[in-house]
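J.: what shape does this take:
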Amino acid sequence: LPGPIPGSYLQISGEAETEEFLFPDVPLPISRRREADYGDLSSVRGWSRLDLSFEFSLHGPGISGPERTSATRHFNSGSIICERHTNSPLAVRFIREKSNLGVGWLPNVATNRAAWVELLVTQWAQSDKDAFPSYGDWTESPEWLVVEEAQILSQILALERKKRQSIVEIDQQIGESNTKLALAKANANKGQRRLITAQGEELLDEVAKTLKNIGFDVTCVDQLLSEGKPKREDLRLKHLNKGGEEWNAIVEVRGYARSGGTTADLQRLARFAELYRKETGQTPDKRIYIANGQLELFPSQRQKPLASATEDLQIFSESGGILIWSIDLFRVLKTTNTADYHALIESIKCAQGRWVPIDLSSPKET
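T.: Next up is the predicted model:
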């Protein structure tokens, strides 16, 4: 038999079981076609036996192993064998899962072979719908629908087209949103999320931006120091109270990979406060320690800074000191509107000891 690849041919040997195919009771025009082609025949018993085995070899010049494997797979999954020159169907080949039965042979050249191929495949489709998904109930064919069915089917097809178009549009919107999300994530990683992830200069830079954005007047002290001068606090904050008085604070910002902060940072702020007094003639209103600790852990697994240093934190509080966990600052900013920044500033100015974030996300009473 001609093979599926130009210039190739199939060599088939062996035997196959055969069975009688009983013509089913079918509606017109197939019934008339049966009468025209076969007259009084009620079955195909006695037809020529087709000797086939269900393993075949593919021959021809230049046929590769993958081509041979692919042809074998397609042939074994079910095939229509056609005449080489006219491409007219000669037989339908289909093997049942648990039986060698499944070959339809059409030896009579005078018959309408295409119609009988369809009939045979339709019968096989009843027992194996997955192998022949295109064949099923003939009443579902558009040719045999009544007006009401055709109208409803038209509505269904229109809805399916609309659905496909909607899916395309939604997929496009999802793609655009994913692009925006990736950009927003990159900006967050370089911005506000550094309150959770960073230490050193990156953390200091983000804290300074954050405090400035919510309304403090922020000064980076390192920019004021001459070369060779001793280390001072990281930031200085200014803000006007309601009465017009100037409020001042010094800020130390620290990040630690493993620890949650150290009490040495509190002592360092005491020394910085004294240097500030000598320089300005006044004591800062607040000493603020902003810590981002245990960076090696997920944020949800981290402990609050100085969780076990209650006594040291109390002494720090008595001298006007407050401890701000940078994660708390991130959480508050995440849910705070710019209109509520004044309340956020006042909560920092009035805090004692550990700063407890205020809830600015709940509706305000009127």
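J.: now the strands: where do they sit in the stretch 101-250 of the chain?
T.: In the stretch 101-250 of the chain, the strands defined using DSSP state E, counting those that start in this stretch lie at 103-105, 217-220, 235-240, 246-255.
J.: contacting residues around the last one?
T.: Okay, so that is strand 246-255. 198-200, 203-204, 207, 211, 233-241, 261-262, 265, 268-269, 272-273, 276, 280, 282, 284-293, 295, 326, 349 (C-beta atoms under 8 Å, 6 or more residues apart in numbering). Where C-beta positions appear, they are placed from N, C-alpha and C, glycine not excepted.
J.: what pairs with it, parallel or antiparallel?
T.: strand 235-240 (antiparallel), strand 286-292 (parallel) (DSSP bridges).
J.: and it, what's its mean pLDDT?
T.: Strand 246-255 carries an average pLDDT of 96.
J.: do the second one as well
T.: For strand 217-220, the per-residue pLDDT values average out at 95.
J.: Lys304 - how many residues pack around it?
T.: Residues lying near Lys304 (other C-beta atoms under 10 Å) number 16.
J.: gap between it and Leu344?
T.: For Lys304, the distance to Leu344 equals 19 Å [C-beta to C-beta, to the nearest Å].
J.: which residues of the protein score low on pLDDT?
T.: Scanning the chain for pLDDT under 70 picks out 1-63, 67-68, 70-124, 126-138, 359-366.
J.: what about stretch 321-332, start to end distance?
T.: Stretch 321-332 has an end-to-end distance of 20 Å (criterion: C-alpha to C-alpha, to the nearest Å).
J.: quick one: contacts of it?
T.: In contact with stretch 321-332 (C-beta under 8 Å, 6+ apart) are residues 192-193, 195-196, 203, 207, 210, 255, 261, 266, 269, 286-292, 299, 302, 304-306, 313, 316, 344, 348, 351-355, 357-358, 360.
J.: just the buried members of the contacts of strand 246-255?
T.: For the contacts of strand 246-255, a neighbour count by 16 or more other C-beta atoms under 10 Å gives the buried set as 198-199, 203-204, 207, 211, 233-237, 239, 261-262, 265, 268-269, 272-273, 276, 284-293, 295, 326, 349.
J.: so which residues of the stretch 251-366 of the chain form helices?
T.: Ranges of helices within the stretch 251-366 of the chain are 263-280, 310-318, 326-334, 341-350, based on DSSP state H, counting those that start in this stretch.
J.: turn those into JSON lines, including distance to Thr219.
T.: Shown next, in JSON lines, are the helices of the stretch 251-366 of the chain (distance: least, C-beta to C-beta, whole Å):
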{"stretch": "helix 263-280", "distance to Thr219": "12"}
{"stretch": "helix 310-318", "distance to Thr219": "22"}
{"stretch": "helix 326-334", "distance to Thr219": "19"}
{"stretch": "helix 341-350", "distance to Thr219": "16"}
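J.: now for the ones you listed, which one comes closest to Ala125?
T.: When the helices of the stretch 251-366 of the chain are compared by C-beta to C-beta, helix 326-334 sits nearest Ala125, at 59.1 Å.
J.: show me what contacts the closest residue in space to Phe316 that isn't next to it in sequence?
T.: Among residues not flanking Phe316 along the chain, Leu266 sits closest, at 4.6 Å (C-beta to C-beta, 6 or more residues apart in numbering). Listed by C-beta under 8 Å, 6+ apart, the contact partners of Leu266 are Tyr289, Asp312, Leu313, Ile315, Phe316, Gly321.
J.: change it to 7 Å
T.: Counting by C-beta atoms under 7 Å, 6 or more residues apart in numbering, Leu266 touches Tyr289, Asp312, Phe316, Gly321.
J.: in the sheet, who's paired with the nearest residue to Thr219 once chain neighbours are set aside?
T.: Leaving aside its chain neighbours, Thr219 sits nearest to Arg236 (4.4 Å; criterion: C-beta to C-beta, 6+ apart). Assessed by DSSP bridges, Arg236 has beta-bridge partners Thr219, Ile250.
J.: how much space between Ala182 and Ala188?
T.: To Ala188, Ala182 is 11 Å away according to C-beta to C-beta.
J.: those two: which is more packed in?
T.: Ala188 (13 against 10).
J.: ok, that one to Ile290 distance?
T.: Distance, Ala188 to Ile290, by C-beta to C-beta: 19 Å.
J.: hmm, Lys286 and Leu269 touching each other?
T.: No - Leu269 lies out of contact with Lys286 (C-beta atoms under 7 Å); the separation is 10.0 Å.
J.: give me phi/psi at Tyr256?
T.: Main-chain dihedrals, Tyr256, degrees, to the nearest 10: phi -130, psi 140.
J.: residues in contact with the residue nearest to it when sequence neighbours are not counted?
T.: Distances taken as C-beta to C-beta, 6+ apart place Gly293 nearest to Tyr256, at 4.6 Å, with adjacent residues excluded. By C-beta under 7 Å, 6+ apart, Gly293 lies in contact with Tyr256, Ser259, Gly260, Gly261, Arg302, Pro305.
J.: the strands of the stretch 101-250 of the chain: which one's closest to Lys163?
T.: Closest among the strands of the stretch 101-250 of the chain, using C-beta to C-beta: strand 103-105, at 38.1 Å.
J.: Ile324 versus Leu211, what's the distance?
T.: 10 Å.
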